[in-house]
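K.L.:
Any chance you can model this:
(chains A and B)
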Amino acid sequence: MTGEPDTNARTDVAIVVSGLIKRYGAVAAVDGLDFSIEAGKLTSILGANGAGKTTTLEIMEGLRTADAGEIRILGMTPKEARSITGVQLQEGTLYEDLSCLETLRFFGRMYGCMVDGAGLLSMVGLEQKGHLRANQLSGGQKRRLQMAIALVNDPEVVILDEPTTGLDPVTRRETWNLISRLKEDGRTVVLTTHYIDEAEALSDWVIIVDRGKVVTQGTPASLVRAGGNTAHVELDVRDPAMVQRLVSLASGRQEGDRFVADTADPAGMVRTLAELVPPEIMASLRIRSRSLEDVFLETAGYQLEAQVPE
Amino acid sequence: MSAPVLSQMVSKGTVKWGRSLFDVWKVQLLRLFRNRQVFVFNLLVPLMMILIFGALFQGKPTKVAVSVPASLRQLVGHDLPGSSFVVVNATPSQARLDVQNGTAEWGLVILGAAPHGQVGGVSQGSAVSPVQGLSLPGADSALSTPVVATIYLQSGNTTANGAFQAEAGAVVAGLNQQLSGHPPVVLSHVDNLQVAGSAVRSESYVSFLTPGVIAYAITTAGMLSAGMQLVNDRERGALRRIRATPVRLSAFLGGIVAAQLVLIIIQTVILFASAYLFYGVAVQGSLLVLGLVCLAGAFCFLATGFLLVSVSKGPQAAITMANLFTLPQLFIAGIFYPLSSAPDWLQHLAVVMPLRYFSEALRSVAADGLGLGAIWGDLLFLLLFGCVAAVLALRTFAFEPRGGAAA
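P.N.:
Numbers count the residues shown, from 1 in each chain, chains lettered A, B, ... in the order given. So this is what the prediction gives:
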């Protein structure tokens, strides 16, 4: 599944990724990636583990060099754009023996900036932790401190690699609010996440990658509506043979003992299933609106399953 | 979370090389002072080495039971140096007993008497009338009561006994000269000679040991302190985050080196001061030259430490490599003993060891009071070794763990 939904008119481009290739030995982590990211918008890059999204971000951050192709950030190479780019890496990155305030002031100086550390900590909800050292923070607090480090240079472009991993639900929502505010300030935000609901809630644009290539992209709504299907139907039956029969007769797919189908006509689909499946083997039937997660599973998810035996 | 405006919290500026170096230096210094391992390995361990080895080998004043006729006591008192001997007056039999039961290390008993009214008035160097009965070679007349000097030694301590015998011999010789009135026929003179690149030193073991231990302390500070902190930072991902900033690698590493140099200066001052306070070991040469030697050594070993960080795959590998590099040098490069006393093959092995040149140079300045002219070869070796290591370190430096790859 490729191509752009026609509902997406895009104007001011901040980041251009063209023909990007990065190999680790014989494995192509990024294999000819092409996309652009609109200025002042939040773009999520989604993909299964190993899809190449972190490698792409690291090239964007100037931490890795591409084997071929290039990335331009506001017309600059990633290295040239370091002073206007804020970065939250996926792991680590903290000096464990510095306090939160010392950390922010130090990283601010590395960008030539003077930072109101207390204010920044307040932004990420760590206002009471300023004098604690990084090794005294919980995992979630460390993620928030890393988020604050990403902002020490008042960046025009913010790159966040899984910013809410390890956060509790409340802090996660607060982080969503902060990310939304960054976008509202007019900053270009690039985000990777494994939480599809997060991408759906925050993103103006979603790019799904698999095996180092873009498999689909668009606004979350346009991706969900792609193909005209708006509803997601799941039927659990007690007879596996019946699931296989439904796949061939009712235009859906099998997920274990479950028949799954996306449809533009949920009522019609329910009528069809009621005719085909005897009530005594019908365990449960669920109907809900189609989500970005369904799109992800259809595109990157299936291909991930295919990779498992390798 | 509240909703403050980010742009109001950040005052933007430009990244300048010198300012970046200064900022890294400040933070790195703070981190070094917070690191207890740095305190233990860079200060406590070398300090203990100096104090313990110093206590073991430092020559302490030795108790000598002396029985001398009252008329000769003043003469003897001149010749047994108080810094080496504690003189205890005793009767002849008591002196013998003191040595036998270990109360005194040695005994010196002089039997016989000078004529009354003559010796007491004699000053050192003035003519002395012959003592009646004293049978001394070269005496002008026979003495009715010969002076007999008996030296009591503790059996088994051959080397120390030899040293005391020499001192006691000097006392007897002094008595002979002063009582006979004859000037010495043969004058002795001690001169320290430079032999085959290593000095023949007359100083105590502590003054020999101190510069070597300080050289080793600076070596471990350069190799392990800065290096290990860097490799740990790399392992935790902090260096990757630094790399995503506009700061230049040379400013970043320069700041780390500058912080380490401050630590090394403090360490060197404390160790030399301790050796002086506890054992009276003073720096004989120029402090400026001493500082230059310390800087050259620090540069050499910091660069080597960075090189090990660059090529090692993780903290464990870095520690192993650093220990493999430093420990053999500790025992082979002449820290604890003069290299000239080592077998030839060990001396040949030490030729390639930078710690040998560092400790030799430091010892030449601190213990022997030599200047730049005597140590330029050592400095040249350290600087060349350091330059090669620095170039290789900069070329191979990695901001992230070796073998790491993102997905």
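
K.L.:
Now for A:H131: which residues touch it?
P.N.:
A:H131 makes contact with A:99-101, according to CB atoms under 8 Å, 6 or more residues apart in numbering or on different chains. For the C-beta atoms, the positions are set from N, CA and C on the backbone; glycine is no exception.

K.L.:
Sitting in strands, which of these do you find?
P.N.:
In strands, judged by DSSP state E, none of the contacts of A:H131 are found.

K.L.:
Where does pLDDT dip in the chain?
P.N.:
Going with chain A. Residues of chain A that meet the criterion pLDDT under 70 lie in A:1-11, A:92, A:227, A:301-310.

K.L.:
Please refer instead to chain B.
P.N.:
In chain B (pLDDT under 70), the answer is B:1-4, B:58-62, B:73-86, B:112-147, B:155-163, B:182-204, B:402-407.

K.L.:
so what's the residue in it positioned nearest to chain A up against?
P.N.:
Closest contact between chain B and chain A, by CB to the nearest CB, is at B:G237 (2.4 Å). B:G237 sits next to A:89, A:91-94, B:400 when contact means CB under 8 Å, 6+ apart.

K.L.:
could you measure it against B:V66, distance?
P.N.:
B:G237 sits 73 Å away from B:V66, going by CB to CB, to the nearest Å.

K.L.:
can you map out the helices along the stretch 101-250 of chain A?
P.N.:
For the stretch 101-250 of chain A, the helices defined by DSSP state H, counting those that start in this stretch cover A:117-123, A:139-149, A:169-184, A:196-202, A:220-225, A:240-250.

K.L.:
now those in a markdown table, with distance to chain B and mean neighbour count?
P.N.:
Shown next, in a markdown table, are the helices of the stretch 101-250 of chain A (distance: least, CB to the nearest CB, whole Å; neighbours: other CB atoms under 10 Å in any protein chain shown):
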| stretch | distance to chain B | mean neighbour count |
| --- | --- | --- |
| helix A:117-123 | 4 | 21 |
| helix A:139-149 | 7 | 22 |
| helix A:169-184 | 5 | 16 |
| helix A:196-202 | 15 | 20 |
| helix A:220-225 | 23 | 20 |
| helix A:240-250 | 32 | 15 |
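
K.L.:
Kindly state the domain boundaries assigned to the chain.
P.N.:
Here I'm looking at chain A. Following the assignment in automatic domain parsing, chain A carries domains at A:41-51+A:78-224, A:230-289.

K.L.:
that answer is for a different chain, and I need it for chain B
P.N.:
If you go by automatic domain parsing, chain B breaks into B:17-55+B:204-396, B:62-180.

K.L.:
ok so, going back, mean neighbour count, the domains of chain A: which tops it?
P.N.:
domain A:41-51+A:78-224 (a mean of 21; mean count of other CB atoms under 10 Å in any protein chain shown).

K.L.:
gap between the two ends of it?
P.N.:
19 Å (CA to CA, to the nearest Å).

K.L.:
distance between it and the chain's centre?
P.N.:
Centre-to-centre, domain A:41-51+A:78-224 and its host chain are 12 Å apart (CA atoms, centre = their mean, to the nearest Å).

K.L.:
still on that earlier bit, please identify the deepest-packed of the domains of chain B.
P.N.:
domain B:17-55+B:204-396 (a mean of 20).

K.L.:
Strands of chain A, residue ranges please.
P.N.:
A:13-24, A:27-38, A:42-46, A:68-73, A:85-88, A:114-115, A:157-161, A:188-192, A:205-210, A:213-218, A:231-237, A:253-255, A:258-263, A:282-289.

K.L.:
and B:L355, what does it touch?
P.N.:
For B:L355, the contacting residues are B:215-216, B:219, B:326, B:329-330, B:333, B:335, by CB under 8 Å, 6+ apart.

K.L.:
any idea which of those residues is closest to B:V283?
P.N.:
Among the contacts of B:L355, B:A215 lies closest to B:V283 (CB to CB), at 13.7 Å.

K.L.:
re earlier: A:L191: which of the contacts of B:L355 is nearest?
P.N.:
B:T326 (46.8 Å).

K.L.:
my guess is that closest one meets B:M223, correct?
P.N.:
Yes: taking contacts as CB atoms under 8 Å, B:T326 lies within contact range of B:M223: 5.7 Å.

K.L.:
just to revisit the earlier point, next step: the contacts of B:G237 restricted to helices.
P.N.:
Here DSSP state H is the test, and the contacts of B:G237 give no hits in helices at all.

K.L.:
Nearest to A:I208 among the residues you listed?
P.N.:
A:L89 (22.0 Å).
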